Each structure stands twice: as structure tokens, then as C-alpha cells.
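Engineer: Need the 3D shape of this:
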Amino acid sequence: MISGFANSLLLPVVLNQRGIGQYFLAQLVIAGIGTFCQLGFSFSIPSQVTQAVARKDLGRARSLAVTMLCFSAGLGGLVVITGVVASPWIVEFLELADRATWIAALPVVAVVGASASLAAVIVDLLRAVHAVRTAANLAALASISVGAYAGFLLVIGQQATLSGALLANLAGSMGIITLGLSLFWLRSFDWPRSAHKPVQATALLRETVPNFSTTLLLFGLSNLEVIILGSLGSLNEVAQYGLALRFSAVLVMPLAIANAAAAPLAVHALSTNDTAALGGILARVSFGAAGTAGAFYIGFATVGYGFIALWDSKYHDTYWLTLVLGLGNVLHACGGAAGVLLMIWRDQNRAFMIVVANSAVTVIFCLLGYRYGGMFGLAFAACSGNVLQVACFVLRARARFGVDPSLLGAWRYCFFERARSTPPAAAASSREG
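Structural biologist: Numbering: from 1, shown residues only. Down below sits the predicted model:
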């Protein structure tokens, strides 16, 4: 979280506004490549690898991990080859002033996207075998490397370049891959190679298709504003809005971290019918994510304008855009682990339908918002779509699984349901203690 916040503060100091806009467009492409090459494994790993570990079928867990890594690496390699070959043709559609920058950057973008995808799969595998702290530390390497690059240039008084920032990102991703594979091998090298339930690659792909489709739609929805601005707006608007997205994204980082850590634990609790542990997990995710998001939102509202004032005056709208987008993310955090539960508990098809319907509504909202309200209309529309989606996820989790992962559900569980389930003798001894 600190490295992400530092990046957002340092990059505008060492990179001009047009370069910032290009950087966020490059990040959009990288995120798209990463989402595509992951094949939805971010949700399949908790539901399959963790379940195999919980059932002591370590041979199956090992086979699943190897198969997923091979699929992700192979698809990433194809994307890199395509990106390198097609980059001279792609730049022909760009403005003449930008062609020199993008002809050098596009091959790097392809490599960074493929590397980020493989790194994300490795981090998820580490979480699946309960190496949660290690996975969390590794996941921050890419962001730390970009922040270190920007900080170094600031100290020596030099300006950054798009390719330099991307290469710093690549260095972080390669570090994640190298360290992550080594750590996963150390944990799994003594696992048996034979599985009680053999892994079939075709069956794995069939099962991950709904997850893959849903993650692609979620990617498009989460980056819809930048896509609209990149198509209809200017690079200066992309720079301001992209920074606002960066700042507001910090608010949901605690939820993302908590969800990533809680997903394998929730699958384990469900597999063992441990409803008490499950309720506690969901409550901690909701309270922790919502409380942290709210605290950061108040903190940014208080001191954020002072930080942004250190940049060029062209960035002042970033503060107000962050407040709008941040409010949506705070409310999103109040939904807790609702979306993740649908994906890891085999309700992917309904989650996909919710995302499709919400995407259609949000696209209309965002286009109308930008048409009549500019960047701020776009931000309000995106905020509304964000809240609508998480509300639908919560309602579906209630209806399908009988659990309420939202902040309201966590409040009821901690202060009413758990109190009712506590035996009188235990409650009395607790009071005496």
C-alpha cells in the first residue's frame, strides 16, 4: 500500500503529464494481458489447489500447480511473440508524435504483461498452500521497483521515460517469478507425484472458462473509464483520471489482500463444514477492509490536497476525482468477500451473469456521464456501477449460500448470532475472566 501510494506521488514529479497518460495506457494493456494469460486461475487455485491440500491429496495439488503454470507461461509466450511481431503495424494507427515512444514500449509492454500474469499465478499458488505472508511480500515487488526507479531519478535530478518505468516494472515481476518459484518448490518438492484424483488438462480448462470470462469482464469494467478517456478524451485527462484511480485503488487494497488470504481458508472451512470458522473469517474480512478503507479515505480527504498541490496545477482535479472514486471503493469494501465467495464456491455462472448485466448498465452510465459531465460525470457513473455490482454479489451470496459477507452481516454475526451460540456457562466464565 505504501509503495503504491509512493508511486502515485513520485511518478508525476519525474514524468510529464503526457508521459503519465502514456504510462497509464500502458498499464491498461499490461493488466489486460495479465488477466488474459491468467485464464481465470486466480479463482480456480483457491477452489481446486487449496481443496486438494485440505483433503491431503498433495499429488493432485502438485499436478494442478504445474499444469496451471504451464498454461499461463505458454499463453504468455504466445502473447509476447505476437506483441513483438505486431508492434510496427499497431503504431501505424497512432499519432505521429507518439509512434517513436510506442514502437520502443510495446514489446516491453507485452513482456511485462506476460511476466505479471505468471507472477500472479505463482503468488496465488503460495497463498493456496498457506504461505500468505510470503505471497503478500512478493506481490509488492513490482510496485516497489517502480517506486525505487522514480525515487532514484528524483534524487539525481533526471526525468523518467516510459520504457524506463516499464523496465522497472518488469524487473519486479521477474523477481516475483524467480523467488516465488523457488519458495513454492521448497514447500512442495517432497509432495508425492501420484494423485488420488488425477488432473485432466481439458477438464481444468472447462472448469476455469466461467472464471476466465468473468475476470475478463471485471477487467473491462474496472478499466472502463480509462478505456473511454483513451478513446474519446486526451492524454492529459487520462493522466489526471489515472492518478485518481491509483489513489482510490489504495482504499480497496486491504480488501484485495484480505480476500486473497481468506479465499483458501474459506474453502478449507467449507470443506470441513466449520461454520464457526467461516463466520469468523468473513467477519474479519468485512471489518478489516471497511475500517481500513474508511480510515484511508478520511486521511486522504484531510491531507491529499496538500500532496497534490506539490505537482503542477494541471493535476488539481485529481483530488476531487479521487474523493468520488474513493467513496465507491469504500462502499465496495463494505461488501466484504461476496464476489470472491461466488467464484471459489462454484457459483461462477451466476457471478458471470451479474457482471454481464452490471457491465451493460455501467457502460451506458459512463458514456452518458462523460458526455454530459466530463471526467466528473464519468467518475460518478463508475462509482454507481461499482456499488451496484457489489450489492448484487452480496444479495446472491445470501440467497445461494445463506451467508452475509457484508459489513452488516459481519455486525450481525459478531454481536447477535455468535452471542446466541455461546453457551451460558462459557459466557459466565468469560465475564468472570
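Engineer: Please count neighbours and contacts with C-alpha atoms only from this point.
Structural biologist: Fine.
Engineer: check which helix or strand covers residue 357.
Structural biologist: Element membership of residue 357 [criterion: DSSP states H and E] is helix 348-401.
Engineer: In the following helix or strand past that helix, which residues are buried?
Structural biologist: For helix 348-401, the following helix or strand on the C-terminal side (DSSP H and E) is helix 407-412. Using 16 or more other Cα atoms under 10 Å as the burial criterion, the residues of helix 407-412 that qualify are 407, 409, 410, 411.
Engineer: picking up where we left off before, check the offset of the helix holding residue 357 from the chain's centre.
Structural biologist: Put simply, helix 348-401 sits 17 Å off its chain's centre (Cα atoms, centre = their mean, to the nearest Å).
Engineer: And stretch 211-223, by the same measure?
Structural biologist: Centre-to-centre, stretch 211-223 and its host chain are 11 Å apart (Cα atoms, centre = their mean).
Engineer: I'd like the average pLDDT over it.
Structural biologist: Averaged across stretch 211-223, pLDDT comes to 78.
Engineer: outside of that stretch, which residues touch it?
Structural biologist: Identification of contacts with stretch 211-223 by Cα atoms under 8 Å, 6 or more residues apart in numbering yields 28, 31-32, 35-36, 38-41, 43-44, 343, 348, 351-352, 355-356, 359, 362-363.
Engineer: do stretch 281-297 as well
Structural biologist: For stretch 281-297, using Cα under 8 Å, 6+ apart, the contacting residues are 251-252, 254-255, 258-259, 262, 265-266, 323, 326-327, 329-331, 333-337, 405-407, 409-411, 413-414.
Engineer: So which of those residues belong to strands?
Structural biologist: In strands, judged by DSSP state E, none of the contacts of stretch 281-297 are found.
Engineer: Out of the residues you listed, which end up buried?
Structural biologist: Applying 16+ other Cα under 10 Å to the contacts of stretch 281-297 flags 251-252, 254-255, 258-259, 262, 265-266, 323, 326-327, 329-331, 333-337, 405-407, 409-411, 413 as buried.
Engineer: center of this structure, which residue is that?
Structural biologist: residue 256 (6.3 Å; Cα atoms, centre = their mean).
Engineer: ok, now how distant is that residue from residue 414?
Structural biologist: 22 Å (Cα to Cα, to the nearest Å).
Engineer: quick one: low-confidence parts of the stretch 1-150 of the chain?
Structural biologist: 1, 4, 97 (pLDDT under 70).
Engineer: let's see 80
Structural biologist: 1-9, 17, 42-44, 46-47, 50-57, 91-101, 128-133, 136 (pLDDT under 80).
Engineer: now the helices: where do they sit in it?
Structural biologist: 2-14, 17-38, 41-44, 50-54, 58-90, 96-128, 132-139, 141-156 (DSSP state H, counting those that start in this stretch).
Engineer: so which of those helices is the most packed in?
Structural biologist: helix 41-44 (a mean of 26; mean count of other Cα atoms under 10 Å).
Engineer: Which residues outside that helix are in contact with it?
Structural biologist: The contact list for helix 41-44 (Cα under 8 Å, 6+ apart) reads 68, 120, 121, 124, 208, 211, 212, 340, 343, 344.
Engineer: Measure how far it is from the centre of its chain, please.
Structural biologist: 12 Å.
Engineer: Same check on stretch 272-287?
Structural biologist: On Cα atoms, centre = their mean, the centre of stretch 272-287 falls 22 Å from the chain's centre.
Engineer: Quickly list the domain ranges of the chain.
Structural biologist: Using automatic domain parsing, the domain parsing of the chain gives 1-205, 223-422.
Engineer: which element is the residue nearest to residue 304 when sequence neighbours are not counted on?
Structural biologist: Leaving out its chain neighbours, the residue that sits closest to residue 304 by Cα to Cα, 6 or more residues apart in numbering is residue 319, at 6.8 Å. For residue 319, the host element (DSSP H and E) is helix 317-333.
Engineer: could you say what helices and strands that helix packs with?
Structural biologist: helix 235-271, helix 275-308, helix 348-401 (3 or more Cα pairs under 8 Å, 6 or more residues apart in numbering; DSSP states H and E).
Engineer: any residues touching that helix, and which ones?
Structural biologist: 240-241, 243-245, 247-249, 251-252, 255, 286, 289-290, 293-294, 297, 301, 304-305, 308, 375-376, 379-380, 382-384, 386-387, 390.
Engineer: Just the buried ones from those residues, in ChimeraX syntax?
Structural biologist: Command for ChimeraX that selects the buried part of the contacts of helix 317-333, burial taken from 16+ other Cα under 10 Å:
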select :240,241,243,244,245,247,248,249,251,252,255,286,289,290,293,294,297,301,304,308,375,376,379,380,382,383,384,386,387,390
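Engineer: Flag the shaky bits of the stretch 251-400 of the chain, pLDDT-wise.
Structural biologist: Applying pLDDT under 80 to the stretch 251-400 of the chain picks out residues 260-279, 307, 309-315, 343-349.
Engineer: make it 90
Structural biologist: Within the stretch 251-400 of the chain, the segments meeting pLDDT under 90 span 251-286, 288-289, 300, 303-318, 335-360, 362-363, 371, 397-400.
Engineer: Model confidence for the spatially closest residue to residue 229 that is not a sequence neighbour, exactly?
Structural biologist: The shortest distance from residue 229 to any residue other than its chain neighbours is 5.9 Å, reached at residue 238 (Cα to Cα, 6+ apart). Residue 238 carries a pLDDT value of 83.
Engineer: surely residue 270 meets residue 278?
Structural biologist: Yes - counting by Cα atoms under 8 Å, residue 270 touches residue 278, with 7.2 Å between them.
Engineer: more crowded one of the two?
Structural biologist: More neighbours surround residue 278 than the other of residue 270 and residue 278, with 19 against 15 (other Cα atoms under 10 Å).
Engineer: thought that one was touching residue 264?
Structural biologist: No - with contact defined as Cα under 8 Å, residue 278 does not count as touching residue 264 (11.1 Å).
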